[in-house]
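Student: quick one: sequence plus predicted model below, questions after.
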Protein chains: 2
Amino acid sequence: MTANILVVEDEPAIQELLALNIKQAGYNALRSLSAEHAQQLLRETLPDLILLDWMLPGMSGIEYARRLKSDNLTKAIPIIMLTARGDEYDKVRGLEVGADDYVTKPFSPRELNARIKAVLRRRAPQMTDDPIEIAGLSLDPTTHRVTGNNVNIPLGPTEFRLLHFFMSNAERVHSRTQLLDKVWGDRVFVEDRTVDVHIRRLRNALMASNHQDLIQTVRGSGYRFSAQSTEQAS
Amino acid sequence: MTANILVVEDEPAIQELLALNIKQAGYNALRSLSAEHAQQLLRETLPDLILLDWMLPGMSGIEYARRLKSDNLTKAIPIIMLTARGDEYDKVRGLEVGADDYVTKPFSPRELNARIKAVLRRRAPQMTDDPIEIAGLSLDPTTHRVTGNNVNIPLGPTEFRLLHFFMSNAERVHSRTQLLDKVWGDRVFVEDRTVDVHIRRLRNALMASNHQDLIQTVRGSGYRFSAQSTEQAS
DNA sequence: CAAAATATGACAGATTCATGACAAATATTA
DNA sequence: TAATATTTGTCATGAATCTGTCATATTTTG
């Protein structure tokens, strides 16, 4: 599950540079030269992040950003603005239309990557590729593999994403609706109770290494992935 | 029990942006394009906070604020005003009509959230997600966990909310009716005496870490959560 | 001591969850 | 392409837990 990043930039050289950088960092780059074209791309895939140039031919970047943020389908997608210089005024306007961050040109690849990573982590921590290990259970997003005490644990796609989300947001209670939003995606319509079933499937799989208790149910609230036991001293 | 925030703003783009921000921060967003419409919404649910634009078509924001503050039913609801710029004069007028805080457009999401949280903390502390720790008893809303001297204390949903409310409003006596309103919600109809039973259940659970005395009975008035012992020297 | 207020234990009805089964949708393989 | 395996969402059922109320102690106050 590598993140898709859409670059909207009219200058081909800069676009190339950006795309290169993005790929280097392990993400998937989609490109577009104009807001109009970008709009078409969105029909096929919703990216996880949009890098948007401030100045564009046709519809300007600011205008497009505003439009993205007012559409239910796209408003949740974080936007990083590319502005000509570190103009404070631009920054303010950018944030006003809903940009999540901004980068000034010329930019350093390092800075760009840092900001991309930060924004992705803020919005969807489970999008990052860092391996996670908790209480003997480890999950590696790049190899798509889960092992408990070094024995392999096979998981279906949904269970994998679910576990990934849980491990990226451990200790915290998540309501069924939140889980549906974060793991299934916000455009699907599924029954709340469906989460229960997947929880059970996940627990079932985790039994292979006796890690099933890491997933705790919090009655009336939702579920929690926690290394701390819920037992009480006797 | 997440806080409901009503946004009254006629510009759709800004409204969308505000709503987005509010949801992202974990609150519930209700929206309205005019003061008149807002008034209707109030008939169904009383929000915990109102974000009110300074300038509105029809009844202006200032006027509406004044009206809200003069109605017994709504005057306790905190109001954050959205003003065009940091005009000192506007600020004064806003506070004059009873606004609790104000934010100047363009605003940064971060600032907005900070102010929302601050205002909510003042009015309805149990709506925020801050962990609380009193006399060795700690409660964390995000993980939905209660520990007394580091041992886990399991609580049912109602007892959890009750304790959360108590700890957020410690050292103060709450009548049964008040508790019913704040913890159960104002639309339920339950017997006053039911509170007694839940108090007992809560005390019972707290006995696990010998914290049961934090919940004190104030004969004739209600209950109080207090770290100060009520014992008298003999 | 009598009256009033609160504590407690029990209980039945409601909620909320876990679980197994199943059919539809998807992906994989031959 | 057809056949086969996986995966997914939903449902029905039963188990577990929670809730509100009542009847009955117990405590406090005047």
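Tutor: Cool, the structure landed.
Student: hang on, isn't A:F225 packed against A:L214?
Tutor: Yes - contact criterion CB atoms under 8 Å: A:F225 and A:L214 qualify, at 5.7 Å. Backbone N, C-alpha and C define where each C-beta goes, glycine included.
Student: what touches both of these two?
Tutor: Taking CB atoms under 8 Å, 6 or more residues apart in numbering or on different chains as the criterion, A:F225 and A:L214 both touch A:I134.
Student: how about the residues of chain A by DNA strand C?
Tutor: With CB under 7 Å from any atom of the strand as the criterion, chain A meets DNA strand C at residues A:193, A:196-197, A:199-200, A:203, A:217-222.
Student: which ones among these are found in helices?
Tutor: A:196-197, A:199-200, A:203 (DSSP state H).
Student: buried ones only from those residues, please, as a PyMOL command.
Tutor: Buried members of these, defined by 16 or more other CB atoms under 10 Å in any protein chain shown, are picked up in PyMOL with:
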select buried, chain A and resi 199+203
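Student: within reach of chain B, which of the ones in helices among the residues of chain A next to DNA strand C are there?
Tutor: Counting by CB under 8 Å from any CB of the partner chain, nothing from those sits close to chain B.
Student: ramachandran coordinates for A:I5?
Tutor: For A:I5, the backbone dihedrals are phi -120, psi 130 (criterion: degrees, to the nearest 10).
Student: which stretches of chain A aren't confidently modelled?
Tutor: A:1-2, A:43-45, A:70-73, A:76, A:84-98, A:105-106, A:121-127, A:186-187, A:230-234 (pLDDT under 70).
Student: hmm, the top helix by length along it touching chain B?
Tutor: Secondary structure of chain A per DSSP H: the longest helix is helix A:109-123. No - judged by CB under 8 Å from any CB, helix A:109-123 stays clear of chain B, getting no closer than 8.9 Å.
Student: list the buried residues of that helix.
Tutor: Those buried within helix A:109-123 under the rule 16+ other CB under 10 Å are A:112-113, A:115-117, A:119-120, A:123.
Student: ditto for stretch A:154-173
Tutor: Buried-residue list, stretch A:154-173, by 16+ other CB under 10 Å: A:155, A:159-173.
Student: what does stretch A:59-72 give?
Tutor: A:59, A:61-62, A:64-70.
Student: biggest separation within those residues, which pair?
Tutor: Spanning the widest gap among those are A:G61 and A:S70, at 15.0 Å by CB to CB.
Student: and for the residue in chain A positioned nearest to DNA strand C, the neighbour number?
Tutor: Relative to DNA strand C, the nearest point of chain A is A:T217 (3.4 Å; CB to the nearest atom of the strand). For A:T217, the count of nearby residues is 14 (other CB atoms under 10 Å in any protein chain shown).
Student: distance check, the residue nearest to A:L202 when sequence neighbours are not counted against chain B.
Tutor: Nearest residue to A:L202, sequence neighbours excluded (CB to CB, 6 or more residues apart in numbering or on different chains): A:E159, at 4.7 Å. For A:E159, the distance to chain B (CB to the nearest CB, to the nearest Å) stands at 23 Å.
Student: okay, the buried residues of stretch A:59-72 in a markdown table with secondary structure next?
Tutor: Formatted as a markdown table, the buried residues of stretch A:59-72 follow (DSSP: H, G, I helix; E, B strand; the rest coil):
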| residue | secondary structure |
| --- | --- |
| A:M59 | coil |
| A:G61 | helix |
| A:I62 | helix |
| A:Y64 | helix |
| A:A65 | helix |
| A:R66 | helix |
| A:R67 | helix |
| A:L68 | helix |
| A:K69 | helix |
| A:S70 | helix |
